[in-house]
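Asker: Using only what follows, build the 3D model:
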Amino acid sequence: MRTGKILMATALVLVALFVSGCATAGEAGVAAKEKTYAIGDPGPARGVVFYDKGEFSDGWRYLEMAPDTTERLLPWGFQGSLASTRTTVGTGRTNTDALLIDSPDRGTAASYCAQLVVQEFSDWFLPSKDELDLLYKSLARNGTGTFLREGYGYWSSSEYDERRSWGQGFSNGVQGRVEKTELLAVRAIRAF
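Answerer: So this is what the prediction gives:
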């Protein structure tokens with residue numbers, strides 16, 4: 001009878017340890033999702049966090065720019081039909097996807113961002129006009145983050161018309177319409 005009680009007590013301890021271990025793993029997942037970042041902090045992909053919308057919604061809360069080693073000079077892409085892009089914060093991913101449907105050319109700003117892999121993260125995209133402006137105001141204007149081509153304009157994923165798209169100068173913050181075939185700097189971003 002004593003052996004039966006010992007076996008039952010041992011089984012209860014093992015069950016308690018198993019349940020405790022599961023709770024710990026679940027708590028670790030919640031804690032990882034609740035980690036907070038400040039503007040200028042390193043992001044999960046070793047880039048720099050430049051935007052916090054204040055809460056997790058639509059699958060993301062923060063925007064992170066890719067490390068400076070990924071920056072390139074590229075044309076925006078083709079001239080011709082419009083891909084129906086938008087300018088607002090939160091639309092860069094959708095814009096990039098739309099541009100890839102219209103022009104999957106590997107030599108364009110959008111295709112470069114979409115194919116980028118950094119620290120095993122492959123969810124990069126070309127920022128929208130307003131996301132690019134946030135990147136400038138949050139980091140470049142304040143001297144945070146490294147921008148290799150400050151004298152150049154940077155591409156957004158937002159089109160203006162069939163021949164031009166929105167770019168932004170990082171020496172002065174001015175946004176303007178640029179011929180799509182011009183070489184501008186490209187800095188990918190990701191939402192997380």
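Asker: where are the low-confidence patches of the chain?
Answerer: Counting by pLDDT under 70, the ranges of the chain that qualify are 1-33, 103-105, 149-150.
Asker: And it, what are its domain boundaries?
Answerer: 1-34, 48-191 (automatic domain parsing).
Asker: what helices or strands is the longest strand along the chain leaning on?
Answerer: When the chain is parsed with DSSP state E, its longest strand is strand 48-57. Packed against strand 48-57 by the contact rule (3 or more Cβ pairs under 8 Å, 6 or more residues apart in numbering; DSSP states H and E) you find strand 60-65, helix 129-135. Heads up, the C-betas are built off the backbone N, CA and C, glycines and all.
Asker: and for the helix or strand just after the last one, what are the contacting residues?
Answerer: Using DSSP states H and E, the helix or strand that follows helix 129-135 in sequence is strand 153-159. Contacts to strand 153-159, defined as Cβ atoms under 8 Å, 6 or more residues apart in numbering, come from residues 74, 76, 82-83, 85-87, 91-92, 95-96, 99, 109-110, 125-129, 131-132, 135-136, 147, 165-170, 176, 178, 184-187.
Asker: try 7 Å this time
Answerer: 76, 82-83, 85-87, 92, 95-96, 99, 109-110, 125-129, 132, 165-170, 178, 184-187 (Cβ atoms under 7 Å, 6 or more residues apart in numbering).
Asker: Sort out for me which of these are in helices.
Answerer: Here DSSP state H is the test, and these give 92, 95-96, 99, 109-110, 129, 132 as lying in helices.
Asker: quick one: which two of those residues are the most distant?
Answerer: Maximum pairwise distance in the ones in helices among the contacts of strand 153-159, criterion Cβ to Cβ, is 14.6 Å, between Leu99 and Leu132.
Asker: which one of the domains of the chain lies closest to Gly40?
Answerer: domain 48-191 (4.8 Å).
Asker: gap between the two ends of that closest one?
Answerer: From its first residue to its last, domain 48-191 covers 12 Å (Cα to Cα, to the nearest Å).
Asker: One more: stretch 77-87?
Answerer: Start-to-end, stretch 77-87 (Cα to Cα) is 17 Å.
Asker: Contacts for it next, please.
Answerer: Applying Cβ under 7 Å, 6+ apart, the set of residues contacting stretch 77-87 is 95, 98-99, 102-103, 105, 108-110, 128-130, 157-159, 162-163, 180-181.
Asker: Which strand residues bridge Gly169?
Answerer: Gly153 (DSSP bridges).
Asker: buried sites along the helix or strand hosting Ile101?
Answerer: Element membership of Ile101, judged by DSSP H and E, is helix 92-102. Within helix 92-102, the residues scored as buried using 16 or more other Cβ atoms under 10 Å are 92-93, 95-96, 98-100, 102.
Asker: how many degrees apart are that helix and strand 153-159 in direction?
Answerer: 80 degrees (axes from the mean of the first three to the mean of the last three Cα atoms, to 10 degrees).
Asker: which residues sit against helix 92-102?
Answerer: 77, 81, 83-86, 110-111, 113-114, 125-128, 131, 157-158, 189, 191.
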